[in-house]
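Participant: Build me a model:
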Amino acid sequence: MENLKKFAFILGLMLLTFYFIGCGSKQMKKAKEFVEVGMYEEAIPLLEMEVKEHPKNSEAHFLLGKAYLYTDQMHSARNSFERAVITNAKLRGKITEEYRGCGLALLKEGILSQAEEMFDQAVNFDADARGVIAEELIQHGKEIAERNIEMSHWCFKEALDYSKDYKDNIGIECLNLADNFLDQDKVDESIFFAELAKEVLGEEFEKKGENYILKLQEIVPPIKTIGHIEPPKLIKRVWPVYPKIAREGRIGGGVTLEVTTDIRGKVKDLKVIRSVPLLDHAAIYAVRQWEYETKLVNGLPRAITFKEVVPFVMLYLKRDGTMYVNQSQVMEENLGAMLDEAFSNAGIKAFNVEERKLYLRADQDLQFGKIIDIIDIMKNAAIEEVGIIADKKPEKILDIKIHVRTSADISKIPWDNGKLTAPFDIPEEIQNYFILTLTKYVNTLFINQERIEFNSLNSRLKSIYKTHQNIPVFIRADAGVHFRHIIELIDIVKEAGFDTIGIIPEYFRE
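Facilitator: Residues are numbered from 1 along each chain as shown. Sure thing, here's the model as predicted:
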């Protein structure tokens, strides 16, 4: 009898266990059916009960996480997924797919912030998902571009954030889109994607986007310098030759040109918008040789149209001591003010020192001392560029720079009765200069300490130029030297190849 009671008790326990297992099995089965048809809210209480009763049931945790995910209970979803992975690490892949699929669905609905959150969670569970997510974002970016360029832009940027390995793919796709929009005459959209391609590709854009840039230049009109858009930086200036007929009549002024550069900074087109009839052609011929930095607008090379003023201001010094700024006779004490006024009338503002070039014409027999007096005034008037008109060579302008500072060290070079005292040491501060010193005995001059005959100067300078191309040459001369000899000296220096020639505004009288 005792044994029968024990047997009945054990049998009851077994039946009760089978009952609960059956109930649990039915509960889990029903929850799975709800999840499969998207009835997540109905599935959640059954699954919550299941994981409470069977905390190691990884499948129940996974399904509960999915149900939470699709009912916008993100924190709970993550907790359930993490418990699922603790009991079964192989579920990481399935969890990643759930987050990724949810992110894509939100992306197609245009809910970008939540889509990004889903993709981030996918990567948290499996870092290898970055590449797949990047590919899907690129594909969606291509598909949506025609309908929503902002969303397309977002997709490409996000793809790059998820995987830098796709940089070239993204850049090329953006270039393709830019090209397609250009073919449809949708210029704004085209430039939008080209700018993104430039941002993504960086320095490689110029090479990979070369064909697009050339095509853009042919189709899109140049931008104009209005508002915040400034002219490009000038990197090569060629000063015009002062036409003989204009300088004989002392005609001056400023020729204003409308300049259009291409995407490489070369002058593509010119139009005169303020004319000085005898000077227009010279200005146009010179400016066609100017070069500018490539103009970038939002990182994209663009053709640009802007204004340039080419000044023609000539100072004419006559043997009798009279002088003219263009057609106006001036006194020496008023010269600086008259030069400022002449440049202002030509359209050059006072602070634009680099645009203030003065053409100097002087009687060939005028003594250099007088020229130096005038050069001092020029320097004080912020004029550093001077074009010396060589009347014996009518089409030649000898360009020089006025030495921008008066160096006490240069004045220490020994000078006695119009001749250098030799030997002597060049002060350290000016050892990187070549200083040509012309005495009143014109056939004798010096290159630094070296004495040389005038007729040997050309060959000697050419020899020096081979190894010292970038060193500037400065000229000093006795006050009594005639201007024609200075012109000859400058001409020889320029023919030897030296570009930077200066006149030191100091001289020493006997």
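Participant: which parts of the helix or strand harbouring residue 271 are buried?
Facilitator: Assigning secondary structure by DSSP states H and E places residue 271 in strand 267-274. When burial is assessed from 16 or more other Cβ atoms under 10 Å, strand 267-274 yields the following buried residues: 267-268, 270. Where you see a C-beta, it was placed from the backbone N, CA and C, and this is true even at glycine.
Participant: Check what contacts that strand and list those residues.
Facilitator: With contact meaning Cβ atoms under 8 Å, 6 or more residues apart in numbering, strand 267-274 is reached by 254-262, 280, 283-284, 287-292, 303, 307, 309, 347.
Participant: Report the strands that pair with it, each with its relative direction.
Facilitator: Partner strands for strand 267-274, per DSSP bridges, with pairing direction: strand 253-261 (antiparallel).
Participant: can you give me the offset of the partner strand from its chain's centre?
Facilitator: Per Cα atoms, centre = their mean, to the nearest Å, the displacement of strand 253-261 from the mean C-alpha position of its chain is 24 Å.
Participant: same deal with stretch 265-284?
Facilitator: Here stretch 265-284 shows a centroid-to-chain-centroid distance of 27 Å under the convention Cα atoms, centre = their mean.
Participant: For that stretch, measure first residue to last.
Facilitator: According to Cα to Cα, to the nearest Å, stretch 265-284 extends 16 Å from its N-terminal end residue to its C-terminal end residue.
Participant: pretty sure residue 277 is in a strand, no?
Facilitator: No. Counting by DSSP: H, G, I helix; E, B strand; the rest coil, one finds residue 277 to be coil, located in no strand.
Participant: What about it, how many residues nearby?
Facilitator: The number of residues packed around residue 277, counting by other Cβ atoms under 10 Å, is 11.
Participant: now swap in residue 382 and tell me
Facilitator: Neighbourhood size, residue 382 [other Cβ under 10 Å]: 15.
Participant: can you check the one 5 residues further on too?
Facilitator: Summarising burial for residue 387: neighbours were counted as other Cβ under 10 Å, giving 20.
Participant: Give me the pLDDT for it.
Facilitator: What the model reports for residue 387 is a pLDDT of 85.
Participant: now residue 378
Facilitator: According to the per-residue confidence, residue 378 scores 81 in pLDDT.
Participant: Kindly provide the distance from it to residue 314.
Facilitator: Relative to residue 314, residue 378 is positioned 13 Å away (criterion: Cβ to Cβ, to the nearest Å).
Participant: Spit out the residues that contact these two alike.
Facilitator: Common neighbours of residue 378 and residue 314 (criterion: Cβ under 8 Å, 6+ apart): residue 358.
Participant: how much space between residue 275 and residue 323?
Facilitator: For residue 275, the distance to residue 323 under the criterion Cβ to Cβ works out to 27 Å.
Participant: make that residue 124, sorry
Facilitator: In this structure, residue 124 and residue 323 are separated by 83 Å, where distance is defined by Cβ to Cβ.
Participant: mind checking which helix or strand of the chain has the lowest mean pLDDT?
Facilitator: For the chain, using mean pLDDT, DSSP states H and E, the weakest element among its helices and strands is strand 419-420, scoring a mean of 45.
Participant: Tell me which helix or strand comes right after it.
Facilitator: Later in the chain than strand 419-420, the nearest helix or strand by DSSP H and E is strand 434-438.
Participant: mind checking how far that next one is from the chain centre?
Facilitator: Taking mean C-alpha positions (Cα atoms, centre = their mean), strand 434-438 and its chain are 41 Å apart.
Participant: Mind giving me the packing neighbours of that strand?
Facilitator: strand 444-447, strand 473-477, helix 483-495 (3 or more Cβ pairs under 8 Å, 6 or more residues apart in numbering; DSSP states H and E).
Participant: who touches it?
Facilitator: Strand 434-438 is contacted by residues 410, 413, 420, 426, 445-448, 464, 468, 471-478, 481, 485-486, 489, 493, 504 when judged by Cβ under 8 Å, 6+ apart.
Participant: In contact with the spatially most central residue of the chain, which residues are there?
Facilitator: Geometric centre of the chain, nearest residue: residue 296, 5.9 Å, by Cα atoms, centre = their mean. Shown in contact with residue 296 (Cβ under 8 Å, 6+ apart): residue 302.
Participant: gap between it and residue 264?
Facilitator: In this view, residue 296 and residue 264 are 12 Å apart by Cβ to Cβ.
Participant: cool, and residue 85?
Facilitator: Taking Cβ to Cβ as the measure, residue 85 falls 57 Å from residue 264.
Participant: So the two - more neighbours on which side?
Facilitator: The residue with more neighbours, out of residue 85 and residue 264 and counting by other Cβ under 10 Å, is residue 85; that gives 19 against 15.
Participant: what packs against the strand or helix carrying the more buried one?
Facilitator: Assignment of secondary structure by DSSP H and E places residue 85 within helix 74-87. Under the contact criterion of 3+ Cβ pairs under 8 Å, 6+ apart, the helices and strands touching helix 74-87 comprise helix 58-69, helix 92-108, helix 112-125.
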